[in-house]
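**Student:** this one's sequence-less:
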Ligand SMILES: NC(=O)C1=CN([C@@H]2O[C@H](COP(=O)(O)OP(=O)(O)OC[C@H]3O[C@@H](n4cnc5c(N)ncnc54)[C@H](OP(=O)(O)O)[C@@H]3O)[C@@H](O)[C@H]2O)C=CC1
Ligand SMILES: O=C1O[C@H](COP(=O)(O)O)[C@@H](O)[C@H](O)[C@H]1O
């Protein structure tokens, strides 16, 4: 089905002069303009605290887009699509905690225009802005016009704050108006997970504890904390990546088939899995987790100072830059199957992947095959980034008179078949916001279920007073992370070996 063009809408961006807007939102909207999915009936109203007129914001974006070009040439993003969009960008300055800016927005929009409010602002402002939008009648929908609000991450900092934020938002607007973002859901391979499972009997037929031994979900990054010390030191790897990005991947792997691809059908199934995540006791949480923080050392040819020496990070910080967890989804399908999750910064490679390891065959009828040594289990590797694709590791017979088996990889990479171009991942999320499809956005109950599973780790670490284990920049993380999986007789999948190079 060819996607239809989005309806006329004004996108009101709170935080229009910020990093997210210039680096990810505007380039995504340029891409949508270029593809024709949004037309010249899209208007952007940027709002920020800096004084300025429409030309102020347009000029700032112009300048940023120019710098996106690595060689100083006019970047492809500054093409006709940008110039068409540019003329439809306006700006208003004001403080989001005061009423006058909302009155001005109300005057500008009127009561009959479609509007989507995008909160590209520090999380502390999510609740106050939604409240003020509602109080000023800006979230009032009519039969012919919609009003929606897109809320960035992080959504809360623990279970109780996430619940309080949901309650505050939902006492002002309907759940159908709320679009809680998780940018991982905009990634092509992540969206492909449901198709891979539910359009392929060869995969879905084997998708349970009868055939699967365990699941690994990894989001490894080479980048360090850099200039984000203030945000990161109050957050850490667990809060930053697990209840949102990694749990969304886990939910898509573990959910039951939805009855349809409607948003509610999908969100119901994802919600059920997240609610089935085992909520550990403090002792269980401590035993099933490892956290680390990078020390100083070389990374990518440069020398990196230790996390604790990063600007705006406390010298005695106990914040983790790496976390590994072992979790269970207590459902009929997944009973007894461990889900090993890990994520961290300053690691050896950028590598987001899901690895499904199948059970070993029960009996090997190959005369010269030493089962334990030569018949490895089948593995399905779903490479989310970089080099998006999927590979299946199987065993075949070595050609000739030998009856020996050898492992080989059946490999598909998106780039071999499709041009997925220079997208930011926000394209489909912004488009879905405009057309009113909430399938790729998180519902209140799922957010809270995610935090409920994460809370015991936060509590255990706060109680035991331990510090994260140091690891060398450019490594695979702390040694104890290997022990976490090895004590179960398993190994982490090697980081950073792209699909077609895997042995
Ligand atoms: N940047 C990224 O890559 C990502 C960001 N996010 C999320 O997006 C949101 C925005 O992040 P980011 O763009 O990086 O943050 P920035 O700090 O760069 O941008 C926030 C903007 O909001 C403005 N602002 C803050 N307080 C007020 C106020 N009271 N009144 C008016 N304007 C105000 C800031 O103005 P000023 O600078 O003048 O204070 C700034 O322009 C956050 O929730 C973040 O977690 C999520 C994923 C990725
Ligand atoms: O939300 C976040 O995600 C990024 C990783 O996203 P990716 O699309 O670059 O893989 C992470 O670096 C950041 O700390 C976190 O806040």
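**Tutor:** Thanks, I have it. Everything numeric here is computed off the predicted structure, so don't read it as measured data. Ligands and ions are numbered 1, 2, ... in the order given.

**Student:** C-alpha from now on. contacts and neighbour counts both.
**Tutor:** OK.

**Student:** what helices or strands is the host helix or strand of residue 132 leaning on?
**Tutor:** Following DSSP states H and E, one finds residue 132 within helix 126-135. Helix 126-135 is packed against helix 159-170, with contacts defined by 3 or more Cα pairs under 8 Å, 6 or more residues apart in numbering; DSSP states H and E.

**Student:** Which residues are in contact with residue 40?
**Tutor:** 84-85, 88 (Cα atoms under 8 Å, 6 or more residues apart in numbering).

**Student:** ok, 10 Å please
**Tutor:** 8-9, 33, 81, 84-85, 87-88 (Cα atoms under 10 Å, 6 or more residues apart in numbering).

**Student:** With residue 466 instead?
**Tutor:** By Cα under 10 Å, 6+ apart, the contact set of residue 466 is 291, 318, 460.

**Student:** Just give the nearest non-adjacent residue to residue 420, would you?
**Tutor:** Leaving out its chain neighbours, the residue that sits closest to residue 420 by Cα to Cα, 6 or more residues apart in numbering is residue 414, at 7.6 Å.

**Student:** wait, isn't the one you found in contact with residue 391?
**Tutor:** No - the pair residue 414 / residue 391 is not scored as a contact, 11.3 Å apart, by Cα atoms under 10 Å.

**Student:** Pick out whichever of the two has more residues nearby.
**Tutor:** Shown here are residue 414 and residue 391; by other Cα atoms under 10 Å, residue 391 has more neighbours (20 against 14).

**Student:** Show me which residues of the stretch 151-300 of the chain are close to ligand 1?
**Tutor:** Residues of the stretch 151-300 of the chain found near ligand 1 (Cα under 6 Å from any ligand atom) are 152-154.

**Student:** Pipe the contacts of residue 40 into JSON lines and attach distance to ligand 1 and neighbour count per row.
**Tutor:** Putting the contacts of residue 40 into JSON lines (distance: Cα to the nearest ligand atom, whole Å; neighbours: other Cα atoms under 10 Å) gives the following:
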{"residue": "8", "distance to ligand 1": "25", "neighbour count": "18"}
{"residue": "9", "distance to ligand 1": "21", "neighbour count": "22"}
{"residue": "33", "distance to ligand 1": "21", "neighbour count": "20"}
{"residue": "81", "distance to ligand 1": "23", "neighbour count": "20"}
{"residue": "84", "distance to ligand 1": "24", "neighbour count": "15"}
{"residue": "85", "distance to ligand 1": "20", "neighbour count": "22"}
{"residue": "87", "distance to ligand 1": "21", "neighbour count": "14"}
{"residue": "88", "distance to ligand 1": "20", "neighbour count": "17"}
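
**Student:** Relative to residue 45, which of the residues you listed is nearest.
**Tutor:** residue 88 (8.4 Å; Cα to Cα).

**Student:** how near is the residue nearest to the closest one when sequence neighbours are not counted to ligand 1?
**Tutor:** Excluding the flanking residues, the one nearest residue 88 by Cα to Cα, 6+ apart is residue 43, at 5.2 Å. Here the criterion is Cα to the nearest ligand atom, to the nearest Å. By it, residue 43 lies 19 Å from ligand 1.

**Student:** cool, residue 274 as well?
**Tutor:** 22 Å.

**Student:** What mean pLDDT does the host helix or strand of that residue get?
**Tutor:** Applying DSSP H and E as the criterion places residue 274 in helix 263-276. Here helix 263-276 scores 97 as its mean pLDDT.

**Student:** Contacts only, for the residue nearest the centre of the chain.
**Tutor:** Centroid-nearest residue in the chain, with Cα atoms, centre = their mean: residue 184, separated by 2.7 Å. Contacts for residue 184 (Cα under 10 Å, 6+ apart) come out as 190-191, 244-246, 248-249, 384, 425-426, 429, 440.

**Student:** what do you get if the cut-off is 8 Å, keeping everything else the same?
**Tutor:** 190, 245, 248, 425.

**Student:** Name the SS class of residue 63, please.
**Tutor:** helix (DSSP: H, G, I helix; E, B strand; the rest coil).

**Student:** What does the pLDDT read for it?
**Tutor:** 91.

**Student:** and if you look at residue 503?
**Tutor:** 44.

**Student:** what inclination does the longest helix along the chain have with respect to helix 263-276?
**Tutor:** Determined from DSSP state H, the single longest helix within the chain is helix 444-464. Orientation check (axes from the mean of the first three to the mean of the last three Cα atoms, to 10 degrees): helix 444-464 against helix 263-276 gives 20 degrees.

**Student:** So what's the gap between helix 444-464 and the chain middle?
**Tutor:** Distance of helix 444-464 from its chain centroid, counting by Cα atoms, centre = their mean, to the nearest Å, is 18 Å.

**Student:** packing partners for it?
**Tutor:** Helix 444-464 packs on helix 159-170, helix 263-276, helix 282-287, going by 3+ Cα pairs under 8 Å, 6+ apart.

**Student:** Including mean neighbour count, could the ones you listed go into TSV?
**Tutor:** As requested, these are exported to TSV (neighbours: other Cα atoms under 10 Å):
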stretch	mean neighbour count
helix 159-170	17
helix 263-276	20
helix 282-287	17
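
**Student:** Output these in TSV, with distance to residue 398 appended to each entry.
**Tutor:** Below are those laid out as TSV (distance: least, Cα to Cα, whole Å):
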stretch	distance to residue 398
helix 159-170	54
helix 263-276	41
helix 282-287	43
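
**Student:** Helices of the stretch 201-350 of the chain, start to end?
**Tutor:** Taking DSSP state H, counting those that start in this stretch, the helices of the stretch 201-350 of the chain run over residues 201-204, 229-233, 236-241, 247-254, 263-276, 282-287.

**Student:** Check the stretch 1-150 of the chain too.
**Tutor:** 19-20, 26-35, 54-67, 80-86, 100-109, 126-135.

**Student:** Going by neighbour count, list what's buried in the last one.
**Tutor:** Within helix 126-135, the residues that qualify as buried by neighbour count (16 or more other Cα atoms under 10 Å) are 126-134.

**Student:** residues contacting residue 137?
**Tutor:** For residue 137, the contact set (Cα under 8 Å, 6+ apart) comprises residue 106.

**Student:** ok, it to residue 384 distance?
**Tutor:** Residue 137 sits at a distance of 41 Å from residue 384 (criterion: Cα to Cα, to the nearest Å).

**Student:** And for residue 166?
**Tutor:** Remark: distance between residue 166 and residue 384 (Cα to Cα) = 30 Å.

**Student:** Please name the residues that touch the closest residue to residue 165 other than its chain neighbours.
**Tutor:** Distance criterion Cα to Cα, 6+ apart; nearest residue to residue 165, sequence neighbours excluded, is residue 127 at 6.3 Å. Each residue near residue 127 by Cα under 8 Å, 6+ apart is listed here: 165, 168-169.
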